[in-house]
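*Asks:* sequence and computational prediction follow.
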Amino acid sequence: MLGKSATLLVGLVLVVACQGNESPPLAIIVDQLSLTQPNPAFQSQATDLLEDAGYEVQYVPGDMVTVEFFTNMEPAEIVLFRTHMGVLGDSDLVAMFTGESLDLNDPEYIDELVGKRLAATWNDDPDKAVYGLMPQYIAVEMDLHGATVVLMGCSGTLGIAMSDAFMKANAKEVIGWTDLVGAFHSDRATIQYLQHKLAGVENPLERVMQEVGPDPTYHSELRRTQ
């Protein structure tokens with residue numbers, strides 16, 4: 001029979017062992033733009049910042065950014081969506097591009113296309129369409145598990161439809177651009193945001209806008225929804 005002190009020691013060992021088995025928080029870099037505007041320096045800098053802050057980093061290259069990937073994302077604390085985003089027609093509805101080629105002969109997503117939950121979108125090749133995720137699809141089919149979401153593409157916070165969709169998909173907060181933005185400017189601003197956020201700086205987004213500023217060509221700004 002164990003004595004009282006031995007029982008306490010065993011309990012302490014069990015607590016320490018359980019704490020030691022905790023997995024680090026996950027951060028995901030979704031790099032659909034690597035297909036058309038690759039930036040290995042951004043990937044390296046963002047990964048280093050996150051790993052130094054104790055995160056496990058999952059990098060998803062453009063050819064793996066499929067519709068199925070979006071609907072089966074692992075729970076993460078931070079998700080960087082380095083993806084093309086585009087406004088459809090004259091509306092303020094924004095689609096998030098995948099890296100998956102559109103196939104009208106594939107019955108899997110026909111209902112979603114007809115119901116306008118998915119859309120045909122184009123990167124830089126007018127002859128190659130890819131699936132685009134509409135806000136209605138994101139709100140219902142995705143689960144962000146309380147993650148901070150950074151929409152690095154154009155117009156993520158133009159209107160409220162896209163940011164509202166991510167909030168309905170259980171995002172903790174959504175950071176995005178109010179209009180068009182250049183990839184280099186967005187990459188630079190996101191690195192600055194990560195540096196400040198991970199360092200515990202108060203109002204990191206305000207700091208980024210002071211230091212990096214709006215996009216020099218399109219004058220869009222980063223905005224936050226929560």
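*Replies:* Done, it's in.
*Asks:* C-alpha only now, for contacts and for neighbours.
*Replies:* Will do.
*Asks:* low pLDDT regions in the protein?
*Replies:* For the chain, the stretches flagged by pLDDT under 70 are 1-21.
*Asks:* just the helices in it please.
*Replies:* 4-20, 40-52, 67-71, 110-114, 135-141, 161-168, 183-198, 204-211 (DSSP state H).
*Asks:* can you spell out which helices and strands pack onto the fifth one?
*Replies:* What it means is helix 135-141. Applying 3 or more Cα pairs under 8 Å, 6 or more residues apart in numbering; DSSP states H and E, we find helix 135-141 packed against helix 161-168.
*Asks:* ok, now the second one?
*Replies:* When contacts are defined as 3+ Cα pairs under 8 Å, 6+ apart, helix 40-52 sits against strand 56-61, helix 183-198.
*Asks:* tabulate the ones you listed (CSV), appending mean neighbour count.
*Replies:* Output for the helices and strands packed on helix 40-52, formatted as CSV (neighbours: other Cα atoms under 10 Å):
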stretch, mean neighbour count
strand 56-61, 17
helix 183-198, 18
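*Asks:* out of those, which is closest to Thr148?
*Replies:* Nearest to Thr148 among those is helix 183-198 (10.6 Å), distances taken as Cα to Cα.
*Asks:* output the closest one as CSV, nothing but the C-alphas.
*Replies:* Coordinates of each C-alpha in helix 183-198 appear next as CSV, following Å, rounded to 0.1, in the frame of the first residue of the first chain:
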residue,chain,number,x,y,z
ALA,A,183,0.8,40.1,-53.4
PHE,A,184,4.1,41.6,-52.3
HIS,A,185,2.4,44.3,-50.2
SER,A,186,0.1,41.7,-48.6
ASP,A,187,3.0,39.4,-47.8
ARG,A,188,4.9,42.2,-46.2
ALA,A,189,1.9,43.4,-44.1
THR,A,190,1.2,39.8,-43.0
ILE,A,191,4.7,39.3,-41.8
GLN,A,192,4.5,42.5,-39.8
TYR,A,193,1.2,41.5,-38.4
LEU,A,194,2.5,38.1,-37.2
GLN,A,195,5.6,39.8,-35.6
HIS,A,196,3.4,42.1,-33.6
LYS,A,197,0.6,39.6,-32.7
LEU,A,198,3.0,36.9,-31.6
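*Asks:* fine by me, we can end here.
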